[in-house]
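[1] The following comprises the amino acid sequence and a computationally predicted model.
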Amino acid sequence: MTTTLRRELRRIYDAAIAAAAPGPLIGRAFEGLAPGSEIVADLFEQARRIFVFAAGKAALPMTRELVRRCGAKLETALAAAPADPTAPSFDTREDFAIVRGGHPLPDAGSIRAAQAALEMAQAASTGDLLIVALSGGASAVVSLPAPGIGLEDKIAVTDALTRAGAPIRELNTVRKHLSAIKGGRLLAAVDGAMVLTLVLSDVIGNDLATIGSGPTVADPTTFAEAVAILKRRKVWGRAPESVRDLLERGVAGDIEETLKAGDPRLQGTATVIIGDNGTAVDGAEREAAALGYRVRRWNGLSGEAEKAGRAAAAELSGIDSPRSCIIAGGEPVVTLRGTGRGGRAQHCALASAIEMARGGLIRPDAALLVAGTDGIDGPTDAAGAFADPETVARARAAGLDPELGLAQNDSYAVFNALDDLLITGPTGTNVADLLIGIVGA
């Protein structure tokens, strides 16, 4: 891959991340410029006191902007963010409280964050405004198991579902029914205060009940669906007895369901999506056009990551004209079969590289980048990876077996050896994944 192609792919990716920056997006909502945000300014003006709770990978920048906007009306603010080994033991640099929770699996910090959120919801009263700012990662960072369920039990079920390739909607359906805060239960703790939820969506399709497991909105899923998911994914028999018992009691009606549409507790609430995957794709498209590319949106970044990667290579192979670009947003999944390291973006990129090497792509001036917008792909320090028609040949010359790497879910080792990983660090946003493919000169 030429330096120019790599540099242009990175510029397009960076433009997408800038477009999804939480601070400016919150500013647009306060100014009534985001769809459905006309009510935000009125809620802010009417509020006697304002409480702010933000959760997820964008919690810190969201809280900073909200604190700045609230001014003297701010009563208290708390950000629940993923644990960061590089952060100081106490986040003294911020003028608001921070709780660090586990991600992708919850931990004791996640429980502290959930308890603090419930306490804040209970403290807000008539005339107050509770602002809940959600971003990707909130489901793990804020977690409080339902009575009778231990955190280790919930982790075991979540980990098993993830390894089975369950998409985010299935994961959250189960998590909501094992939780004391998700599925509208945070909203249920509020008595009299208005609730405004600002959402930076990492869920394709923007299902509000899925984003952050929907702590302040109605949930259409049921205990019966949670049981069905565990059985379909062949996790039910391995689930802890406490989990099976709770879900069965829920199906029998012995435990109250999650909050449903029409519940009077939903009155006096508003939810605004301030940004999503399309926001990032729009930013990428603008930058690609500014670089002189003819841009076409592609909708293939979904389903199994391996299949999506092969399809992306086929898309690039059909491009005859130079300075062409395909851009896709989505969130593919990976069914774990091996014991290697990688993430869905790297897995997708490696599958694409292998397909290119099979002769489906003949143009040498083509290149591709698949990366997560949060800067973290799976359990690695990479956001994603670059691939081109020579990736497989270079890997083999270095003594690597790309096909084995794909089969063993070890894409990280391949791209790391080739210096083809995209390393950005946490970006401060999270709106799912991007695929950018270009044909140069």
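    Sure thing, it's come through.

[2] contacts and neighbour counts: CA atoms only from here.
    Noted.

[3] What segments of the stretch 51-200 of the chain are strands?
    74-82, 97-101, 129-134, 194-200 (DSSP state E, counting those that start in this stretch).

[4] who's in contact with the last one?
    Okay, so that is strand 194-200. Counting contacts by Cα atoms under 8 Å, 6 or more residues apart in numbering, the residues outside strand 194-200 that touch it are 22, 26, 40, 43, 126-136, 187, 211, 216, 268-276, 430-431.

[5] Swap in 7 Å and give it another go.
    Here strand 194-200 makes contact (Cα atoms under 7 Å, 6 or more residues apart in numbering) with 128-135, 268-276, 431.

[6] Just want the phi and psi numbers for the residue nearest to residue 165 when sequence neighbours are not counted.
    Leaving aside its chain neighbours, residue 165 sits nearest to residue 335 (4.4 Å; criterion: Cα to Cα, 6 or more residues apart in numbering). Main-chain dihedrals, residue 335, degrees, to the nearest 10: phi -90, psi 120.

[7] so who does residue 335 touch?
    Per Cα under 7 Å, 6+ apart, neighbours of residue 335: 163, 164, 165.

[8] Which among the residues you listed count as buried?
    Neighbour counting by 16 or more other Cα atoms under 10 Å classes 164, 165 among the contacts of residue 335 as buried.

[9] thinking again about what came up before, please identify the most buried of the strands of the stretch 51-200 of the chain.
    Among the strands of the stretch 51-200 of the chain, ranked by average contacts under mean count of other Cα atoms under 10 Å, first place goes to strand 129-134 (a mean of 27).

[10] Just checking the distance from it to the centre of its chain.
    18 Å (Cα atoms, centre = their mean, to the nearest Å).

[11] coming back round to it: tell me which of the strands of the stretch 51-200 of the chain lies nearest to residue 400.
    strand 74-82 (33.9 Å; Cα to Cα).

[12] residues in contact with that closest one?
    Applying Cα under 7 Å, 6+ apart, the set of residues contacting strand 74-82 is 49-57, 59-60, 63, 67, 96-103, 113, 141-142.

[13] Just to be sure, which of these are found in helices?
    59, 60, 63, 67, 113, 141 (DSSP state H).

[14] ok, the third one to residue 135 distance?
    Read that as residue 63. 11 Å (Cα to Cα, to the nearest Å).

[15] quick one, helices of the stretch 301-441 of the chain?
    For the stretch 301-441 of the chain, applying DSSP state H, counting those that start in this stretch gives helices covering 305-317, 344-355, 391-397, 402-407, 411-418.

[16] Count residues in the vicinity of the closest residue in space to residue 329 that isn't next to it in sequence, would you?
    Spatial nearest neighbour of residue 329, excluding adjacent residues (Cα to Cα, 6+ apart): residue 434 at 4.6 Å. Residues near residue 434, counting by other Cα atoms under 10 Å, number 27.

[17] Quick check: beta-bridge partners of residue 434?
    Counting by DSSP bridges, residue 434 forms beta bridges with residue 329, residue 371.

[18] now do residue 79
    Residues in beta-bridge contact with residue 79 (DSSP bridges): residue 54, residue 98.

[19] so how far is residue 183 from it?
    With Cα to Cα as the criterion, residue 79 and residue 183 are 20 Å apart.
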